[in-house]
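Engineer: Pasted the sequence and its predicted model underneath.
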Amino acid sequence: MSTYAVIVPTLNEAGNVSELVRRLENVLAGLDWEVIFVDDDSTDGTLEELQQLAQAKKHVRYLRRIMRKGLASACVEGMLSSSAQYLAVMDADLQHDETKLSAIFQALASGEANVVVASRYTGDGGTGEWDQRRVGLSKLATRLATYFLRVPCSDPMSGFFAIDRKIMEASVARIKSEGFKILFDILSIPGLPIRIQEVPYTFSTRQLGDSKLRYNVMVDFLWLLAAKAFGRIVYTEFVLFCFVGLSGVLVHLATVSALYKLLGFSFLISQSVATYTAMTTNYFLNNTLTFKERKLKGFPFVTGYVKFLLACSLGAFINIAVADYLVSLGLYWLFAALIGTVLSAIFNFFLAKFTIWRNG
């Protein structure tokens, strides 16, 4: 049984993992420690590198995850696989300053804190060579996250931190597994007896591999904010579905306007084409945002699209029939289209959730 564990999520970090182990061995020499890599089925040789390390070094372990993705869930699985009292999380890309681990673990072991955050925004910490755009986005995300925190923290979006096992056990069931900022999630859980301490560090520049900062990272963050903001009031998936539906309304009305007012098609044809155009964009967005935990890929994505159109046919029929009837009564076409769209949206969420993304 190790006293200290470092959890490192990996995805295509060949070359970095060996160097990280070497650095950890220097920093943590004399301590009872282990490092657990949690790999999301890398394809660049990372797994082979991890296997060699684990066979050669008793303090190196790794988990290979098949058909499962996500930073938060990887961290949780790594923590649960260890019996260590103190658990640190850091990236494999060598951008987190491993020399700070000594101070971080010392703060936990002394009882001064049960959560220790390596912060870019305190003391002499910094963001390194980030450009102004990335710095601005980071500070914006930090400011938004601050509104949901239960304890003050200068860098709740940090991916470099450590916690006492008792805090992990108390929070693990309430962590959003599809998120990417697990620290923010923990610090925003009500009722945890958190005593926080911060250690300044400067973010380093990646030398090998590709950055994992993609559009889906921001999607994950926005999803987590939505869960925090609406989780206790309404079903998060329904909130996201409504936002997607709102975009569908805009697509729908733009299509009706173009076909009916500009191109001279009948209202019935315009409304019909607009309905299925909006359904198509809604399917893509819902698959990416609303039901991202059960996201469809490959052939299931194609069949899911067909099922989505069929499942929403009832709502589409109501949409078209009601709107066309209202126009025949003399109602302005824009209001008729809007009413038909809103009525069909109520049906679409339940049909989509329980027929398309029920199992993923």
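Structural biologist: Yep, it's here. If you're wondering where the values come from, they're calculated on a predicted model, not measured in any experiment. Numbers count the residues shown, from 1 in each chain.

Engineer: Next one: residue 136 relative to residue 15, how far apart?
Structural biologist: In this view, residue 136 and residue 15 are 31 Å apart by Cβ to Cβ, to the nearest Å. Placement of C-beta: from N, CA and C, glycine included.

Engineer: Which one's more surrounded, those two?
Structural biologist: When residue 136 and residue 15 are compared on other Cβ atoms under 10 Å, the one with more neighbours turns out to be residue 15, at 15 against 11.

Engineer: Look up how far residue 25 lies from the more buried one.
Structural biologist: Distance of residue 15 to residue 25, given as Cβ to Cβ: 17 Å.

Engineer: Alpha carbons of stretch 277-297, as CSV, please.
Structural biologist: The C-alpha coordinates for stretch 277-297 follow below in CSV (Å, rounded to 0.1, in the frame of the first residue of the first chain):
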residue,chain,number,x,y,z
THR,A,277,-33.9,21.1,-42.1
ALA,A,278,-34.2,22.1,-38.4
MET,A,279,-34.6,18.4,-37.4
THR,A,280,-31.3,17.6,-39.2
THR,A,281,-29.3,20.4,-37.4
ASN,A,282,-31.0,19.5,-34.1
TYR,A,283,-29.9,15.8,-34.5
PHE,A,284,-26.2,16.8,-35.0
LEU,A,285,-26.2,19.2,-32.1
ASN,A,286,-28.1,16.9,-29.7
ASN,A,287,-25.7,14.1,-30.5
THR,A,288,-22.7,16.4,-29.7
LEU,A,289,-24.1,18.3,-26.8
THR,A,290,-27.3,17.1,-25.2
PHE,A,291,-26.6,13.3,-25.2
LYS,A,292,-22.8,13.5,-25.4
GLU,A,293,-22.5,10.7,-22.8
ARG,A,294,-24.3,8.4,-25.2
LYS,A,295,-22.9,10.0,-28.4
LEU,A,296,-23.6,7.9,-31.6
LYS,A,297,-20.7,7.2,-34.0
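
Engineer: Can you report how many residues lie near residue 8?
Structural biologist: Neighbours of residue 8 (other Cβ under 10 Å): 27.

Engineer: residues touching it, list them.
Structural biologist: Under the criterion of Cβ atoms under 8 Å, 6 or more residues apart in numbering, the neighbours of residue 8 are 17, 20, 35-38, 78, 89-92.

Engineer: Reformat those as JSON lines; add distance to residue 59, pLDDT and neighbour count.
Structural biologist: Below are the contacts of residue 8 laid out as JSON lines (distance: Cβ to Cβ, whole Å; pLDDT from 0 to 100; neighbours: other Cβ atoms under 10 Å):
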{"residue": "17", "distance to residue 59": "14", "pLDDT": "94", "neighbour count": "27"}
{"residue": "20", "distance to residue 59": "13", "pLDDT": "95", "neighbour count": "24"}
{"residue": "35", "distance to residue 59": "7", "pLDDT": "97", "neighbour count": "28"}
{"residue": "36", "distance to residue 59": "10", "pLDDT": "97", "neighbour count": "24"}
{"residue": "37", "distance to residue 59": "12", "pLDDT": "97", "neighbour count": "28"}
{"residue": "38", "distance to residue 59": "16", "pLDDT": "96", "neighbour count": "25"}
{"residue": "78", "distance to residue 59": "14", "pLDDT": "95", "neighbour count": "23"}
{"residue": "89", "distance to residue 59": "17", "pLDDT": "96", "neighbour count": "26"}
{"residue": "90", "distance to residue 59": "15", "pLDDT": "95", "neighbour count": "26"}
{"residue": "91", "distance to residue 59": "19", "pLDDT": "92", "neighbour count": "18"}
{"residue": "92", "distance to residue 59": "16", "pLDDT": "91", "neighbour count": "26"}
